[in-house]
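Chemist: Structure of the sequence below:
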Amino acid sequence: MVELKTNSSIDAMYEAGQVVGRALTAVRKAADVGVSLLELDELAHDVLREAGATSPFLGYRPSFAPTAFPAVICASVNDAIVHGIPTRYRLRDGDLVSIDFGAQLGGWAGDSAISFTVGTARPADVRLIETAERALAAGVGAAVVGNRIGDIAHAIGTVCRGAGYGIPDGFGGHGIGRQMHEDPGVPNEGRPGRGMKLRHGMVLAIEPMLIGGGTDGYHADVDGWTLRTDDGSRAAHAEHTVAITDEGPRVLTARAD
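Modeler: Have a look, this model is predicted:
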């Protein structure tokens, strides 16, 4: 069942989303050669504490997971697409990093992700990240009252496929509200005019995931969480929490950076 949020609830979700935005900005600024993923996780945890917020990631255990997630960020490096567990790994020059982060504040959740390079960027990585951001923008642009879920999916998939990138099947966006994951699902590829009709008060986490090698294959790492590209190519991930309103899409996790 899809819960339609009131305007005041959307405002409250914006506050949660701003905690997410601040944390991602801080993590991106701190991410440098030699910095460990665990250090980035602790930095994001500090932002949560300062805001009086909690993490919907920490301790989360969906049906596919062998263990509860042990951190407040997902840190996916190079060929990792999503769900990377922060470790003592220290960032190296040229790494492509995707950080996914959520916050729970006042009973409402926010969820967002960014991808960036560390040190000297490879041109192919820059293009991959820019395309992920364009796909996200296209998805947000389609999140208007009267459209359907398929219109969002089609907008994202058109950008990704048009640039020659792969899309991991079975993973995409989702509804969000009191819980981090709610109905409906939001695929990253689909047919326009299909699926649930978008209404004022729906809030969605829209999140394209791109595989640089152009194939769609992926597999779970030995940790049971991290998803990696089958072809070893690099991946990028971009996400915003977006409210669908009569005035147009409202990005609740917009960042000041």
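
Chemist: any low-confidence regions in this protein?
Modeler: Within the chain, no range satisfies pLDDT under 70.

Chemist: Kindly recompute the last result at 90.
Modeler: Applying pLDDT under 90 to the chain picks out residues 1, 63-65, 256-257.

Chemist: ranges for the helices of it?
Modeler: 7-30, 37-51, 123-141, 149-162 (DSSP state H).

Chemist: Distance to Val203 and mean neighbour count for those - can I get that in a markdown table?
Modeler: In this view, the C-beta of every residue, glycine as well, is placed from N, C-alpha and C. Formatted as a markdown table, the helices of the chain follow (distance: least, CB to CB, whole Å; neighbours: other CB atoms under 10 Å):
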| stretch | distance to Val203 | mean neighbour count |
| --- | --- | --- |
| helix 7-30 | 6 | 20 |
| helix 37-51 | 19 | 18 |
| helix 123-141 | 12 | 19 |
| helix 149-162 | 13 | 22 |
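
Chemist: could you redo those as CSV and give each row distance to Ile206?
Modeler: Below are the helices of the chain laid out as CSV (distance: least, CB to CB, whole Å):
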stretch, distance to Ile206
helix 7-30, 13
helix 37-51, 21
helix 123-141, 4
helix 149-162, 6
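
Chemist: right, and these - which one's nearest Val82?
Modeler: helix 123-141 (11.8 Å; CB to CB).

Chemist: Put the alpha carbons of that closest one into CSV.
Modeler: C-alpha atoms of helix 123-141 as CSV (Å, rounded to 0.1, in the frame of the first residue of the first chain):
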residue,chain,number,x,y,z
PRO,A,123,37.8,10.4,-18.2
ALA,A,124,35.6,7.2,-18.5
ASP,A,125,34.7,7.5,-14.9
VAL,A,126,33.8,11.2,-15.2
ARG,A,127,31.5,10.3,-18.1
LEU,A,128,29.9,7.4,-16.2
ILE,A,129,29.2,9.6,-13.1
GLU,A,130,27.9,12.5,-15.2
THR,A,131,25.5,10.1,-17.0
ALA,A,132,24.3,8.7,-13.6
GLU,A,133,23.5,12.3,-12.6
ARG,A,134,21.7,13.0,-15.9
ALA,A,135,19.7,9.8,-15.5
LEU,A,136,18.7,10.9,-12.0
ALA,A,137,17.7,14.3,-13.3
ALA,A,138,15.6,12.7,-16.0
GLY,A,139,13.9,10.5,-13.5
VAL,A,140,13.1,13.4,-11.2
GLY,A,141,11.8,15.4,-14.2
